[in-house]
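A.B. asks: Structure of the sequence below:
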Amino acid sequence: MERFNSNKGGHFNSAYDSNLDEPPVYEETKFSNDDHRTVRPSVVSAFGHDTLDRVPHIDFYRNAGSVSGQRAVRPSLQELHNVFQKDDGERSIGTPSDDMESAAPIDDQKGLIKFGWIRGVLVRCMLNIWGVMLFIRLSWVFGQAGWGLGTVIIALSCVVTTLTGLSMSAICTNGVVRGGGAYYMISRSLGPEFGGSIGLIFAFANAVGVSMYVVGFAETVVDLLKENSAIMVDEINDIRIIGCITVVLLLGISVAGMEWEAKAQILLLVILLVAIVNVFVGTVIPATKEKKSQGFFNYNSKIFAENFIPNFSDGETFFSVFAIFFPAATGILAGANISGDLRDAQAAIPKGTLLAILITGLTYLAMAFCVSATVVREATGNSSSLINDTTPVICNGSTAVACELGYDFSSCEVKKCNFGLMNNFQVMTLVSGFGPLIIAGTFSATLSSALASLVSAPKVFQALCKDNIYKALHFFAKGHGKNDEPIRGYVLTFLISVAFILIGDLNTIAPIISNFFLASYALINFSCFHASYAKSPGWRPAYKYYNMWLSLVGAVLCCAVMFVINWWAALLTYGIEFLLYIYVLVKKPAVNWGSSTQAVTFVSAVSNALSLSGVEDHVKNFRPQILALTGSARSRPALLDLAHSFSKNYGLCLTCEVFVGPRSEALQDVNDAMEKNQLWLKKTKRRAFYAAVACDNFREGAESLLQASGLGRMKPNTLVIGFKKNWRTAGAEAVQNYVGVLHDAFDFEYGTVMLRMNHGLDVTHIVEAEEEMLKAAKEQEALESEMMPNGGKAKGLFRKSRKSSQQVLTTRVCSPPPPQVAKMNEKLLEASIQFKKKQPKGTIDVWWLFDDGGLTLLLPYILTTRKKWKDCKLRIFTAGQPGRSDLDKEEMVGLLKKFRINCSNINVIDDLHIQPRSDSLKDLHEMIEPFRLHEGSRDPAQVGALQKEHPWKITDKELSEFEEKTHLQVRLNELLKENSRSANLIIVSMPIARKETISDFLYMAWLDILTKDLPPTLLIRGNHKSVLTFYS
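C.D. replies: You can find the predicted model right below:
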């Protein structure tokens, strides 16, 4: 992570200069107050005065790993806003926003091979789209579908690829595109879940695609060997032998470097273009008798007219023919897949891909029209089919046009013939001017596609591995050489392709691979739609010729075509993608790419919050929304766990911290704590938010949180706070602030919950000691690494390292605490995780003494619905009048029945009015003695002076006036010990202290004596608005 640096008020950063090879030149400038600061001349001349502000520059917006230039760091807001101070050489520290998704920049870029849009994209896409389909299956497609529906098939294929190309153009012009092609674009648009799933299957599809194309090449070679009686072993094994040799040669070209691979692609393109021209030339060369007997008659309008209508046979349909042709239109990602090797991927990918779709689409149509206008559907191939003038023949049926041209192919209506558009896959060879060139074109098409896939698979796979989404695959992220070539990926792709050549059933795997490609197209289209739909300000593609709804149509079309090609392969593709999606979702890789998924989630959250604001609160929908004053998220785990149990996944839970002190000093701590605590909450799976404020005192900070927390209807309604165990030693100001927070909560009509545990709640000192130990251990590890450059193999160095490391630990970590303190810490830690564990069988005792709207009853009921508390039964205790306990119990039973809340027992306490025991009262008096004013024995003047000096002290008048209420708290503690000492949790109605009537120390004494020496106890007071109802 880079940091801001300032040197004696100046901001020193070599990246500010437009010339990145040389550091900027500064000059000394003198201020009116005799301060000196180094100033960039360009800044002075731009603004006319000295300033730390910088003019806008592209270097400020680069990523940390930018390979196109060095990232500059602009002055922080604090450096511009804070009081200017000299710092004697110490540099200020700040943290710019980081995007560490990329690798470290390459220092020396000499020798890097980068391609333009023609060699990098156009050539690759054309070679990949012009596959064997062009020479072997195109004529059959038009023979079955006719050139009418055949045109529709090509047009529909081009519509799908064009829409995908437009979506891809929009995505790749919305920022710098790095290596990874389709995977990079999808993952940065939709997030790692979609990107990680499609990236893996896309790389696998390309790897298996190598074997398919190579087998196509090998089959053609074996056919030639068979014609010349040169079979080596048998057909299948010959295909395997030739295929493996071919893959080895292609691997050699790929590993040699992208430059050699590009040269090979150019050579193959030339051969392919010559073969295509050869077909067009052949259509105008007069047909020989042999060619005519095989169905070729040069251009003829009657043939063209006859071939317009479809003539599906052998169970073929429009969709089955479309399914056979469509894989020929794939290959539009060949250029995008090497996006990291393009000179300007943003410009090259749209231009090269869309032009390739146009050129190849027109080529397919032109060649198809040529054969449709020159070759009939059925032909015998026999010269005897020539019609003699002496033998009259009636020309009708499907072979009428051939009959009119002098050939009788009527026998093809009875038995299957081997020639014509419908039957002969070598029509292009028949039509061409020189047949061997078509074979060369077929070789070129298969080898170019194989070579493109052999390069694409490792490149995409390397990009996926670099992102470390699948940690087990990180081994393949390493690159070699100037171009960061994925040699390990090449070897893996080679092994996969050889395996499928040797043992794979390619006829079965082919539709799955086609569907893998289509799934990528569908997600590219959906990425464009999703990014547009989210309307994120960051979605600003330079390419404007796209439409979000067309992208959605493209995604739907891709999904439909997947099922048209092969329904079970489509389901399998979706199944694999879903499983990989779930895997990445569960693993939650630590990446943040600003995906459109995040943008849509934000938009949905805002929309739902606004919708909620228009809904009035209703008692049936009340749920506790918690604001817990925990301090740091790790400081009071028991308090956080209990608060989280109330809200769980169904309500708002804020864990809040108040930084006390001057704001200028506390702001940095607040900013640091925000991210640190929210990450810890996420890591520990606490569904809560962290909030922090900086104020001069605790009460002001809590007041700010109570007033401003939340959003619309999603705002806290219940304060959860820990009992201030050290109130007797904390000082008057601390107690006044603490009690003041309770008063503020009542003023703002919050329900208030206070937790007391005998061992306390705060484990901050233990957490800090643990962090100190971890920090020291890291320093030790770093020191050992420095001392052992050979990875720890030198024993002598290791001993030296251990000694130095021990010095680090000695200086950083204090000696262990005394046994008594250690034991207390152990008990405190054990208590801190009490509510994180499953609670044993027992009871939750609810002392519902005052009707506060029902919160005192609702919260324990919510606890019993949680898994951790399901073995705990509710016991209800309520106050009753002497002599009518049975009636009071009946009323409470009826009330709970109407509320539909089950409890194991109801107890009516009718002896609350009894005077507490003398020993209990003695404990109370000892507790409050240091805080009493004792004004009874003093004269009025002296009393007035004391009250003025100590306004917080408890007066005799106050103690006398509230004697009954004070004794009630003592008596309640006696009853709690008597009835609830074995409970898992005690819940008691919280007493309220009237403002400016009851002193803060007396109120704290009430709370202390009430909850003293008890199991974990919750004091609860609702806001006296109903949170329970028995109406439907």
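
A.B. asks: so what's residue 122 closest to, chain neighbours aside?
C.D. replies: residue 352 (4.1 Å; CB to CB, 6 or more residues apart in numbering). C-beta here means a position set from N, CA and C on the backbone, and glycine is covered the same way.

A.B. asks: In three-state terms, label that neighbour for me.
C.D. replies: Assigned with DSSP: H, G, I helix; E, B strand; the rest coil, residue 352 falls in the helix class.

A.B. asks: Tally up the residues packed near it, please.
C.D. replies: Counted by other CB atoms under 10 Å, the residues lying close to residue 352 total 28.

A.B. asks: What are the buried residues along stretch 218-234?
C.D. replies: For stretch 218-234, the neighbour count (16 or more other CB atoms under 10 Å) marks 218, 219, 220, 221, 222 as buried.

A.B. asks: If I look at the residue nearest to residue 122, what pLDDT would I see?
C.D. replies: At residue 352, the pLDDT value in this model is 90.

A.B. asks: Next, work out how far apart it and residue 113 are.
C.D. replies: 17 Å (CB to CB, to the nearest Å).

A.B. asks: related to what we said a few turns ago, verify the stated contact: the residue nearest to residue 122 with residue 117.
C.D. replies: Yes: using CB atoms under 8 Å, residue 352 is in contact with residue 117, at 4.3 Å.

A.B. asks: Tell me where the model's unsure across the stretch 101-250 of the chain.
C.D. replies: Applying pLDDT under 70 to the stretch 101-250 of the chain picks out residues 101-112.

A.B. asks: same check, this time on the stretch 351-500 of the chain
C.D. replies: 384-385, 387-399.

A.B. asks: How far off centre is stretch 184-193?
C.D. replies: Chain-centre distance of stretch 184-193: 8 Å, with CA atoms, centre = their mean, to the nearest Å.

A.B. asks: So residue 158 sits against residue 361, correct?
C.D. replies: Yes: counting by CB under 8 Å, residue 361 is a contact partner of residue 158 at 4.4 Å.

A.B. asks: hey, what's in contact with both of those two?
C.D. replies: Residues touching both residue 158 and residue 361 (CB atoms under 8 Å, 6 or more residues apart in numbering) are residue 329.

A.B. asks: Tell me, what's the model's pLDDT at residue 538?
C.D. replies: Value for residue 538, per-residue pLDDT: 79.

A.B. asks: give me phi/psi at it?
C.D. replies: phi -80, psi -10 (degrees, to the nearest 10).

A.B. asks: Make sure residue 783 is indeed in a helix.
C.D. replies: Yes: Residue 783: assigned to a helix according to three-state DSSP.

A.B. asks: I'd like the distance between it and residue 368.
C.D. replies: 72 Å.

A.B. asks: Over to residue 496?
C.D. replies: Using CB to CB, residue 496 is found at 34 Å from residue 368.

A.B. asks: now do residue 431
C.D. replies: Look at residue 431 and residue 368: by CB to CB, they are 11 Å apart.

A.B. asks: Give me the more crowded residue out of the two.
C.D. replies: residue 431 (28 against 22).

A.B. asks: quick one, what contacts the more buried one?
C.D. replies: Counting by CB under 8 Å, 6+ apart, residue 431 touches 279, 282, 283, 296, 370, 371, 374, 375.

A.B. asks: got the buried residues of stretch 218-234 as JSON lines, with distance to residue 925 and secondary structure columns?
C.D. replies: Below are the buried residues of stretch 218-234 laid out as JSON lines (distance: CB to CB, whole Å; DSSP: H, G, I helix; E, B strand; the rest coil):
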{"residue": "218", "distance to residue 925": "101", "secondary structure": "helix"}
{"residue": "219", "distance to residue 925": "103", "secondary structure": "helix"}
{"residue": "220", "distance to residue 925": "105", "secondary structure": "helix"}
{"residue": "221", "distance to residue 925": "106", "secondary structure": "helix"}
{"residue": "222", "distance to residue 925": "106", "secondary structure": "helix"}
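
A.B. asks: Need the residues you listed in JSON lines (columns: distance to residue 539).
C.D. replies: What follows is the buried residues of stretch 218-234, written out as JSON lines (distance: CB to CB, whole Å):
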{"residue": "218", "distance to residue 539": "46"}
{"residue": "219", "distance to residue 539": "47"}
{"residue": "220", "distance to residue 539": "47"}
{"residue": "221", "distance to residue 539": "49"}
{"residue": "222", "distance to residue 539": "52"}
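
A.B. asks: Closest to residue 774 out of those residues?
C.D. replies: residue 218 (58.9 Å; CB to CB).

A.B. asks: Correct me if wrong: the closest one contacts residue 242.
C.D. replies: Yes: using CB under 8 Å, residue 218 is in contact with residue 242, at 4.1 Å.

A.B. asks: buried ones in the helix or strand containing residue 599?
C.D. replies: In this structure, residue 599 sits in helix 596-613 according to DSSP states H and E. Under the neighbour-count criterion of 16+ other CB under 10 Å, helix 596-613 has 596, 597, 599, 600 buried.

A.B. asks: Sort out which residues of stretch 738-748 are buried, please.
C.D. replies: 738, 739, 740, 741, 742, 743, 744, 745, 746.

A.B. asks: circling back to that earlier point, neighbour-wise, give me the winner out of the contacts of residue 431.
C.D. replies: When neighbours are taken as other CB under 10 Å, the top entry among these is residue 375 (31 neighbours).

A.B. asks: so that residue makes contact with residue 295?
C.D. replies: Yes: using CB under 8 Å, residue 375 is in contact with residue 295, at 5.0 Å.

A.B. asks: list residues touching both of those two?
C.D. replies: Residues touching both residue 375 and residue 295 (CB under 8 Å, 6+ apart): 420, 421, 427, 430.

A.B. asks: Now for the third one: which residues touch it?
C.D. replies: Read that as residue 427. 139, 140, 295, 296, 371, 375, 420, 421.

A.B. asks: how close does the third one get to residue 139?
C.D. replies: Relative to residue 139, residue 295 is positioned 10 Å away (CB to CB).

A.B. asks: Could you list the domains of the chain?
C.D. replies: 133-587, 619-768, 838-1021 (the TED database).

A.B. asks: Which of these sits closest to residue 74?
C.D. replies: Per CB to CB, nearest to residue 74 of the domains of the chain: domain 619-768, 17.5 Å.

A.B. asks: from the chain's centre, how far out does that closest one sit?
C.D. replies: 29 Å.

A.B. asks: hang on, residue 838 packs against residue 867?
C.D. replies: Yes: here residue 838 lies in contact with residue 867, judged by CB under 8 Å, at a distance of 7.2 Å.

A.B. asks: just to revisit the earlier point, touching both of residue 295 and residue 139, which residues are there?
C.D. replies: In contact with both residue 295 and residue 139: 375, 421, 424, 427, using CB under 8 Å, 6+ apart.

A.B. asks: Dump those to CSV, plus secondary structure and distance to residue 773.
C.D. replies: Listed next are those as CSV, based on DSSP: H, G, I helix; E, B strand; the rest coil; distance: CB to CB, whole Å:
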residue, secondary structure, distance to residue 773
375, strand, 83
421, coil, 80
424, coil, 80
427, helix, 78
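
A.B. asks: Of the residues you listed, which pair is most distant in space?
C.D. replies: 375 and 424 (8.6 Å).

A.B. asks: which neighbours do the two share?
C.D. replies: With CB under 8 Å, 6+ apart, residue 375 and residue 424 have common neighbours 139, 295, 430.
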